[in-house]
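Trainee: sequence isn't available, so here's the structure alone:
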């Protein structure tokens, strides 16, 4: 979370405050326990990358903030709601160094908190005035939950391949990035080719984002990340570096041994982490992320090379270079 | 679940099969674990009262099944998704004699199953082609989750009054009934007064439905209900009969003693159930339910007394007389 938002979002940076204000406004509910929970869930300010993408893509058409800001807020809210549920599902007690909602309240209330936030996001997206964009949003949510479900159902299952991994992160992460840019461009009334270009850009950027996330699980600073190295392995989530390692070193593989261990799994964790960190698979993974950023840039290459375009290209670099 | 659907929904009974077909179609997902879970969650066929109300109200306007059927399916799906999450939240292992999703799968996957169903419901409602109806749907979901949250947060808290109870069941149950009739009429293009009449009808019917539900928790047949008598008390949910009892018998009240017990609560449960069953509060509660049905009927009194209208009046009687 280095790099101030201002420089990341170029010409739309100052309008991002409107997204903040709208997100702030949803905390104003009568029910005191709900208000406390919303306060907690919305306190952790992320980079707001998804709303940033909505505004940037929207600026290529009719830059109507009355429609773009609700979409940005809806997508951010949906993203936050899904994190709230993920933490319940994973039993995670902290995220980026802060206690999770399920750690502070209880699982039961936290499930309902997530539901309320989903509902609020759905209400918010209808404020765009576009049924088409509302529908895209619902479809993105379907892909997200399918991706999450697939990840959870496939935990510790080493039978899945890289194709399955890409499908899963496509749903879990890239669909919502794609929704942000496609939705922004569609709200702006851009022509079909431009909307399509932005969908590809957002989706590809999201793929790169998730791959880097999965790399950082091995290379990131524990303090900055707020979670121990190897958390994905610990939860049984088989990410790209692990898949590549098992594929490239099929014999006596330390990662496979870890996933398949029936007992003494904990003791094998460090071996698996070491095996991945000392091999070339993290570089290979980064090359794949870089390739997705290239595809993202290719998609928007035909569009006007204005200030917003420049920001979007820089966002790709930011995604590749982030350290937490 | 006596009374065949046929007679309940009069002129629209035969079209209800289209809602069934649409619900059936959403099980067709590629992901095998998700398909199994959807199969389980959608297997329990209820009375489909909410889709029935959509079609009945819609028949007062332009009876376009291409728009009404998706709304009916969306509302039923939303209702089912909320039950799936409620069972996780309450740790319920069976519902109406069948194991719950969280009993068969695990809590984590079941939270995600519910999310997928919410997403699917949102996608489904956009098929109505109406942003207005989609927005009403999102607002109903917000009320539902607020009501559930309030109920959960207020468990075992005897400080709440009947007004708070009515607010809570208004969100938890009546909002979606109101959404069914208001949405159906709005899709049918009915005039504003008719839409308003149907909103009041649906909301009031939903209030009666929930009050009867809360009465049945004391009087229902355990086998038909698939849960023990006094389940609400056991979960700390303070319903109308309990509230009336505490209000009318403030001294040495067995119900209050049960809720406030710091230890030996289980032994006080039977006393609390007995106190309620042997007092007049169940009759008083039923009188309140009857009053809501009267308000429902009053609201639609000015509308044409056609076959659909007749069915809606009969639905009120059905809600009051059901035994499970």
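Mentor: Nice, thanks for sending it over. Since the structure is predicted, the reported quantities are computational estimates derived from the model, not experimental observations.
Trainee: how about the strands of the stretch 1-150 of chain A, start to end?
Mentor: Counting by DSSP state E, counting those that start in this stretch, the stretch 1-150 of chain A has strands at residues A:94-95, A:98-99.
Trainee: comparing those, which yields the minimum mean pLDDT?
Mentor: Among the strands of the stretch 1-150 of chain A, strand A:94-95 carries the lowest mean pLDDT, at a mean of 82.
Trainee: may I see the buried residues of the helix ranked longest in chain A?
Mentor: When chain A is parsed with DSSP state H, its longest helix is helix A:192-219. The neighbour-count check on helix A:192-219 (16 or more other CB atoms under 10 Å in any protein chain shown) flags A:194-195, A:197-218 as buried. For glycine as for every other residue, the C-beta is placed from the backbone atoms N, C-alpha and C.
Trainee: for stretch A:266-280, same thing?
Mentor: Buried residues in stretch A:266-280, counting neighbours by 16+ other CB under 10 Å, are found at A:268, A:269, A:272, A:273, A:275, A:276, A:279.
Trainee: nearest to chain B among those?
Mentor: Closest approach between these and chain B, by CB to the nearest CB: residue A:269, at 20.7 Å.
Trainee: what's the following helix or strand after the helix or strand that contains the closest one?
Mentor: Residue A:269 belongs to helix A:265-277 when assigned by DSSP states H and E. Downstream of helix A:265-277, the first helix or strand assigned by DSSP H and E is helix A:281-300.
Trainee: where does the stretch 201-324 of chain A get nearest to chain B, which residue?
Mentor: Per CB to the nearest CB, residue A:235 is where the stretch 201-324 of chain A lies closest to chain B, at 10.5 Å.
Trainee: which pLDDT value belongs to that residue?
Mentor: 88.
Trainee: gap between it and residue A:156?
Mentor: Going from residue A:235 to residue A:156 by CB to CB, to the nearest Å gives 9 Å.
Trainee: compare neighbour counts for these two and give me the winner.
Mentor: Comparing residue A:235 with residue A:156 by other CB atoms under 10 Å in any protein chain shown, the one with more neighbours is residue A:235, at 17 against 14.
Trainee: so what's that one closest to, chain neighbours aside?
Mentor: Spatially, and ignoring its direct neighbours in sequence, residue A:235 is nearest to residue A:90 (5.8 Å; CB to CB, 6 or more residues apart in numbering or on different chains).
Trainee: what inclination does the strand or helix carrying residue A:175 have with respect to helix A:192-219?
Mentor: Assigned by DSSP H and E, residue A:175 belongs to helix A:175-187. Angle, helix A:175-187 to helix A:192-219, by axes from the mean of the first three to the mean of the last three CA atoms, to 10 degrees: 150 degrees.
Trainee: is helix A:175-187 in proximity to chain B?
Mentor: No: using CB under 8 Å from any CB of the partner chain, we find that helix A:175-187 stays clear of chain B, coming within 11.0 Å at best.
Trainee: isn't residue A:220 right up against residue A:323?
Mentor: Yes: Residue A:220 lies in contact with residue A:323 (CB atoms under 8 Å); the separation is 6.8 Å.
Trainee: of these two, which one has the most company?
Mentor: Counted by other CB under 10 Å, residue A:220 and residue A:323 do not tie: residue A:220 has more neighbours, with 20 against 12.
Trainee: who's in contact with that one?
Mentor: Applying CB atoms under 8 Å, 6 or more residues apart in numbering or on different chains to residue A:220 gives the contacts A:229, A:323, A:324.
Trainee: mind running it again at 10 Å?
Mentor: Counting by CB atoms under 10 Å, 6 or more residues apart in numbering or on different chains, residue A:220 touches A:212, A:213, A:226, A:227, A:228, A:229, A:231, A:322, A:323, A:324.
Trainee: if we can go back for a sec, between the strands of the stretch 1-150 of chain A, which gets nearest to chain B?
Mentor: strand A:94-95 (16.4 Å).
Trainee: anything in the closest one near chain B?
Mentor: No: taking CB under 10 Å from any CB of the partner chain as the criterion, strand A:94-95 and chain B are apart, separated by no less than 16.4 Å.
Trainee: please apply the same query to stretch A:194-204.
Mentor: No: Stretch A:194-204 lies out of reach of chain B by CB under 10 Å from any CB, never closer than 17.5 Å.
Trainee: could you pull up the mean pLDDT of that stretch?
Mentor: Taken as a whole, stretch A:194-204 has a mean pLDDT of 98.
Trainee: again with stretch A:36-51
Mentor: 90.
Trainee: now stretch A:262-279
Mentor: When pLDDT is averaged over stretch A:262-279, the result is 92.
Trainee: coming back round to it: going toward the C-terminus from the longest helix of chain A, what's the next helix or strand?
Mentor: helix A:222-225.
Trainee: which residues touch the residue nearest to residue A:112 when sequence neighbours are not counted?
Mentor: Distance criterion CB to CB, 6+ apart; nearest residue to residue A:112, sequence neighbours excluded, is residue B:149 at 4.6 Å. Residues near residue B:149 by CB under 10 Å, 6+ apart: A:29, A:31, A:33-34, A:37, A:108-109, A:111-113, A:115-116, B:89, B:168, B:171-172.
Trainee: and the contacts of stretch A:258-274?
Mentor: With contacts defined as CB under 10 Å, 6+ apart, stretch A:258-274 is touched by A:155-158, A:217-218, A:228-230, A:233-234, A:236, A:238, A:241-242, A:245-246, A:253-257, A:275.
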